[in-house]
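# Got a predicted model here, sequence first, then my questions.
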Amino acid sequence: MVEQRLDTTFRALADPTRRGMLASLALGDKSIGELGEPFAMSFAGAAKHVKVLESAGLIERCKAGRRQICALRPEPLREAEAWLKQWEKFWSVRLDRLEAAIDRDKKENPND
């Protein structure tokens, strides 16, 4: 189940427009029109992106009169962060080994 949620989250995050919309929502709730405005897209285009974000659980929508207001839901991002963190140690060890190898090479071949 968690794997499926991660797939959906990362699929939603794969698009730069949707990442921009999430960044905007981190500053506060916005209408669909306000989310689409910086990208010079139609309401329908913005609504499609919002639907993907909502399906991934990254945002929630509520009606305020005729407007639909979107709010950030950080829980799926926390799950994605936890999954990515497991790789942090792996890459840190690898990069430390690479740095040591480069330092050794510099000492052994100072003129290169």
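Received the coordinates, thanks. Numbering: from 1, shown residues only.

# now Pro110, what's its secondary structure?
Secondary structure assignment for Pro110 (DSSP: H, G, I helix; E, B strand; the rest coil): coil.

# Helix or strand: which one has Lys63?
Assignment of secondary structure by DSSP states H and E places Lys63 within strand 59-64.

# what's that strand packed up against?
helix 16-25, helix 43-55, strand 67-72 (3 or more Cβ pairs under 8 Å, 6 or more residues apart in numbering; DSSP states H and E). From N, CA and C alone the C-beta is placed, and that goes for glycine too.

# Same list (those) but as CSV, adding mean pLDDT.
Compiled in CSV, the helices and strands packed on strand 59-64 are given as follows (pLDDT from 0 to 100):
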stretch, mean pLDDT
helix 16-25, 97
helix 43-55, 97
strand 67-72, 96
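
# Indicate which one of these is closest to Gln4.
helix 43-55 (12.0 Å; Cβ to Cβ).

# okay, the angle between that closest one and strand 59-64?
Taking axes from the mean of the first three to the mean of the last three Cα atoms, to 10 degrees, helix 43-55 and strand 59-64 form an angle of 120 degrees between their directions.

# I'd like to know which of the helices and strands packed on strand 59-64 is closest to Trp87.
Ranking those by proximity to Trp87 (Cβ to Cβ) places helix 16-25 first, at 19.8 Å.

# relative to strand 59-64, how tilted is the closest one?
For helix 16-25 against strand 59-64, the angle by the same axes, to 10 degrees is 60 degrees.

# All good on my end, thank you.
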